[in-house]
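Undergrad: Quick one: sequence plus predicted model below, questions after.
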Amino acid sequence: MADIKKVRNIGISAHIDSGKTTLSERILFYTGKIHAIHEVRGKDGVGATMDSMDLEREKGITIQSAATCCSWNFEADEYQINLIDTPGHVDFTVEVERSLRVLDGAVLVLCGVAGVQSQSITVDRQMRRYNVPRLAFVNKIDRSGANPDRVAAQLREKLQHNPVIMNFPIGTEDRFRGIVDLLRMKAVYFDGASGENIRIEDVPAELMDEALDRRHKLVESIADYDDAVAEKFLMEEYVTADELIPVIRRETLALKITPLYVGSAKINKGVQLLLDGVAMFLPSPDEVPNEALDQDRNEDKVLLASDATKPFVGLAFKLEDGRFGQLTYMRVYQGTVKKGDVIINTVNGKKVKVPRLVRMHASQMHDIESASAGDIVALFGVDCATGDTFTDGTVNITLTSMFVPNPVIELAVMPKEKTGQVNFSKALNRFTKEDPTFQVYRDEESGETIIKGMGELHLEIYIERIKREYNCEVVVGKPKVAFRETIMQRSDFVYTHKKQTGGSGQFARVGGFIEPLPSDAVENYEFVDEIVGGVIPREYIPGCDKGFQEAVKEGSLIGQPVVGVRATLNDGQYHPVDSSELAFKIASIAAFREAYEKARPIILEPIMKLEVSAPEEFQGVTIGQVNQRRGLILGTSPDAGYVVIEAEVPLSEMFGYSTDLRSVTQGKGEFTMEFLRYAPVPKGVQDEMVKQYQLKRAEGRK
């Protein structure tokens, strides 16, 4: 086991097509993990190491996060880097969430031309959610229009970072030939076929003034955080790299600054300096506070120690169905786990034996005997769900799981042949276990199997995987949007449920009101018990709550779940013989439905944040297209011959948009879209939807 101070658990995150996987490939090459570089869309047909799935290689995108481990020598010390390459496409956002949940630091990759894009904002928000310190790497400096200073300004304006520029390019675009390291005031060149030979020289005379000016700014920005540096800066004395590094490290870990590096992974320049930055400025596992909840002490917060001798605690953050059964990716937070150990799943109390322990390198596995605090490893033959906590049984604590966004799109699917039903079910079971944002349910009215996901591409990839991995052709219905229903005003209810049969009957009366929850409420449903004087006995109250929960599953407008509602119970009546929990549950369901009609129910639809990039000459038609789809244009900004249009659009209007956009922009238009919020549908659209739903129900009854 490496010295924990020399371990770095990092992720690489960015907007789609910023060069994350290309950067990961170079990191593996320079650390000696691989001996030849393969491109994401390379001519050799091999594909990047971290894109191990055939679909990833065909489409040239990352679908699943991939983990690997490598070593980097920096100043005579060997650093172990556990690296996770995450997808950039918003449809696979849960892969980024689960990776950032277990990582200690990250590299935010930004395109030198496009800068901070919509998905950069999303991954930055995810990093903030888990308090992950990060470095910024401005990639593609060799591209026409690249400008690292503009990207640094965008980091400050759009993401509210405080970027500290650590180096700058010697020449840009096609003249980019090296980098000036501002810490040590040296010029660094990358020679050899793959930039593996580093040549360090003095800063070229023609760049000396710029280098001194930039170093002055670097020291000035660090002086704000340290009195000793500030004193030397004010006295106009030279501040050495050794004096700057500890301060930059401390403030990076405190999320106050973001060291910014430049380079081009594609042409093999600047990656080694970034690796030095990872070693210098990103945290080791013992520098990150990790909290758990003590289940024996009312979920009190406990601070875990990154210590191999303490009781074992690990988090299963990703599941994969491998060649040898379920592969469980685990981050070890405390203690040590060995092959053959018996560990306990604190979620369900089950004991499991660890038959095999491996360190991952993309899709390859290397068997290991044990793993200690700070390690990211994989286990075989351990049955669990994503987000489960494991311990050695001496402690009963759980770790908080990752944030899982709600799916926004639905598709009806069924196997083409009856014989494919078994494989079809196997595939759906496996994918729902692996990916919490991929959900399956059965529509009771139509009898169809419905899959839900984060977007068209998300579901398209899973349908393709069912065909390839399970040899099962699938028939796909039209995509449907995950609408919701809610109420706009308070509505009172008093409902009596009476049923007399032979023997004891059923009797329950409930009184109270339903009302909208505040817009900032975290939960979609809330139950308030205001019963006094025993008008409803305590043992029947849970039945009322269950009834309301049952009722909110399906609203009366279009049969979609009801959200943002609070049900308050403040009156009732019971019968000593005929009342039961079931009677109160039935009464509550009927009471809710009655009150719902009078509470001004409305339909909510998912609104997406859309960012379209198209050549300037197509600006008019592109905006026209967005307007036709009930889009609200928020702003447009020119960007190197292109125009970037930001808008909010209803998801229901966005099916087939990619084809339409390509056709009006001669194939040059691109867009990204992510879920923003739920909003009411226009009155005319709602009336039409209700009418269609009533017709469908009437036909179903015939």
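TA: Yep, it's here. Residues are numbered from 1 along each chain as shown.

Undergrad: Pull the contacting residues for the closest residue to Met689 other than its chain neighbours.
TA: Nearest non-adjacent residue to Met689, counting by C-beta to C-beta, 6 or more residues apart in numbering: Ile558, 5.4 Å away. Bear in mind the C-beta positions are built from the backbone N, C-alpha and C, glycine included. Ile558 makes contact with Phe483, Glu485, Ile603, Met689, Val690, Tyr693 under the criterion C-beta atoms under 8 Å, 6 or more residues apart in numbering.

Undergrad: Helices of the stretch 601-702 of the chain, start to end?
TA: Remark: helices assigned in the stretch 601-702 of the chain by DSSP state H, counting those that start in this stretch are 619-628, 657-664, 683-701.

Undergrad: nearest to Arg8, of the ones you listed?
TA: Nearest to Arg8, of all these, is helix 657-664, at 38.0 Å by C-beta to C-beta.

Undergrad: I'd like to check the angle between that closest one and helix 619-628, please.
TA: 150 degrees (axes from the mean of the first three to the mean of the last three C-alpha atoms, to 10 degrees).

Undergrad: contacting residues around helix 657-664?
TA: By C-beta under 8 Å, 6+ apart, helix 657-664 touches Val612, Ala614, Phe618, Val621, Thr622, Gln625, Arg629, Gly669, Glu670, Phe671.

Undergrad: how does it look with 6 Å?
TA: Val621, Gly669 (C-beta atoms under 6 Å, 6 or more residues apart in numbering).

Undergrad: Same question for stretch 422-441.
TA: With contact meaning C-beta under 6 Å, 6+ apart, stretch 422-441 is reached by 94, 319, 321, 386, 404, 407, 415, 450-454, 462, 466, 470, 472.

Undergrad: Out of these, which sit inside strands?
TA: Applying DSSP state E to the contacts of stretch 422-441, the entries found in strands are Leu319, Asp321, Pro415, Ile450, Ile451, Lys452, Gly453.

Undergrad: Give me the neighbour count for the residue nearest to the third one when sequence neighbours are not counted.
TA: This means Pro415. In space, and not counting its chain neighbours, Pro415 is closest to Phe424: 4.2 Å by C-beta to C-beta, 6+ apart. Neighbour count for Phe424, taken as other C-beta atoms under 10 Å: 21.

Undergrad: Tell me if I am right that Phe424 is in a strand.
TA: No - counting by DSSP: H, G, I helix; E, B strand; the rest coil, Phe424 is not part of a strand but helix.

Undergrad: State the distance from it to Ile461.
TA: Phe424 sits 16 Å away from Ile461, taking C-beta to C-beta, to the nearest Å as the criterion.

Undergrad: How about Phe438?
TA: 10 Å.

Undergrad: cool, Pro479 as well?
TA: Applying C-beta to C-beta, the value for Pro479 to Ile461 is 14 Å.

Undergrad: neighbour count winner among those two?
TA: Regarding Pro479 and Ile461, a neighbour count based on other C-beta under 10 Å identifies Ile461 as having more, with 23 against 19.

Undergrad: Other residues contacting stretch 127-137?
TA: Contacts of stretch 127-137 (C-beta under 6 Å, 6+ apart): 100-101, 105-109, 252-253, 255, 258-261, 274, 277.

Undergrad: Same question for stretch 450-470.
TA: Outside stretch 450-470, the residues that reach it (C-beta under 6 Å, 6+ apart) are 63, 91, 407, 409-413, 423, 427, 431, 437-441, 443, 472, 474.

Undergrad: swap the cut-off to 7 Å and go again
TA: 55, 63, 89-93, 405, 407-413, 423-424, 426-427, 431, 437-441, 443, 472-474, 476, 479, 482 (C-beta atoms under 7 Å, 6 or more residues apart in numbering).

Undergrad: May I ask which helix or strand encompasses the nearest residue to Asp321 once chain neighbours are set aside?
TA: In this structure, Asp321 finds its nearest non-sequential neighbour in Arg430, 4.9 Å apart by C-beta to C-beta, 6+ apart. Applying DSSP states H and E as the criterion places Arg430 in helix 421-434.

Undergrad: after that helix comes which helix or strand?
TA: Helix 421-434 is succeeded, C-terminally, by strand 439-442 (DSSP H and E).

Undergrad: average pLDDT across the longest strand along the chain?
TA: If you go by DSSP E, the chain has its longest strand at strand 601-615. Strand 601-615 shows a mean pLDDT of 89.

Undergrad: Buried residues in that strand, which are they?
TA: Under the neighbour-count criterion of 16 or more other C-beta atoms under 10 Å, strand 601-615 has 601-614 buried.

Undergrad: ok, which stretches of the stretch 101-250 of the chain are strands?
TA: Counting by DSSP state E, counting those that start in this stretch, one finds strands in the stretch 101-250 of the chain at the ranges 105-111, 134-139, 163-165, 167-170, 178-181, 186-191, 197-201.

Undergrad: can you count the residues close to the residue nearest to Asp321?
TA: Close neighbours of Arg430, defined as other C-beta under 10 Å, add up to 18.

Undergrad: mind checking how far it is from Val626?
TA: Between Arg430 and Val626 the distance, using C-beta to C-beta, works out to 38 Å.

Undergrad: okay, and for the stretch 451-600 of the chain, where does confidence drop off?
TA: Counting by pLDDT under 70, the low-confidence segments of the stretch 451-600 of the chain come to 501-504.

Undergrad: mind listing the strands for it?
TA: 474-476, 480-481, 484-487, 491-499, 506-516, 525-529, 565-573.

Undergrad: quick one: strands adjacent to the last one?
TA: Strand pairing for strand 565-573, using DSSP bridges, gives strand 506-516 (antiparallel), strand 525-529 (parallel).

Undergrad: Redo those strands as a markdown table? Include distance to Asn147 and mean neighbour count.
TA: Formatted as a markdown table, the strands paired with strand 565-573 follow (distance: least, C-beta to C-beta, whole Å; neighbours: other C-beta atoms under 10 Å):
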| stretch | distance to Asn147 | mean neighbour count |
| --- | --- | --- |
| strand 506-516 | 48 | 23 |
| strand 525-529 | 49 | 16 |
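
Undergrad: closest one to Glu243 among those strands?
TA: Evaluated over the strands paired with strand 565-573, closeness to Glu243 peaks at strand 525-529, with 55.0 Å, by C-beta to C-beta.

Undergrad: Which residues does that closest one contact?
TA: Strand 525-529 is contacted from outside by Leu517, Ile541, Asp545, Phe548, Gln549, Val552, Val565, Arg566, Ala567, Thr568, Leu569, using C-beta under 7 Å, 6+ apart.

Undergrad: With adjacent residues omitted, what lies nearest to the second one?
TA: Setting aside the residues directly before and after it, Ile541 is nearest to Asp529 in space (C-beta to C-beta, 6+ apart), at 5.6 Å.

Undergrad: go on, Leu379?
TA: Thr328 (4.7 Å).

Undergrad: What distance do you get for that neighbour to Glu469?
TA: Applying C-beta to C-beta, the value for Thr328 to Glu469 is 19 Å.

Undergrad: Those two: which is more packed in?
TA: Thr328 (26 against 17).

Undergrad: If we go by neighbour counts, what in the helix or strand that one falls within is buried?
TA: Assigned by DSSP H and E, Thr328 belongs to strand 325-334. Buried residues in strand 325-334, defined by neighbour count with 16+ other C-beta under 10 Å: Gln326, Leu327, Thr328, Tyr329, Met330, Arg331, Val332, Tyr333, Gln334.

Undergrad: now the third one, which residues is it bridged with?
TA: In this structure, Thr328 has the following beta-bridge partners (DSSP bridges): Leu319, Leu379.

Undergrad: so who does it touch?
TA: By C-beta under 7 Å, 6+ apart, Thr328 lies in contact with Ala316, Leu319, Ala378, Leu379, Val382, Cys384.

Undergrad: ok, now which ones touch the second one?
TA: If a contact means C-beta under 7 Å, 6+ apart, then Leu319 has Gln326, Thr328, Thr386, Lys433, Glu434 as its contacts.
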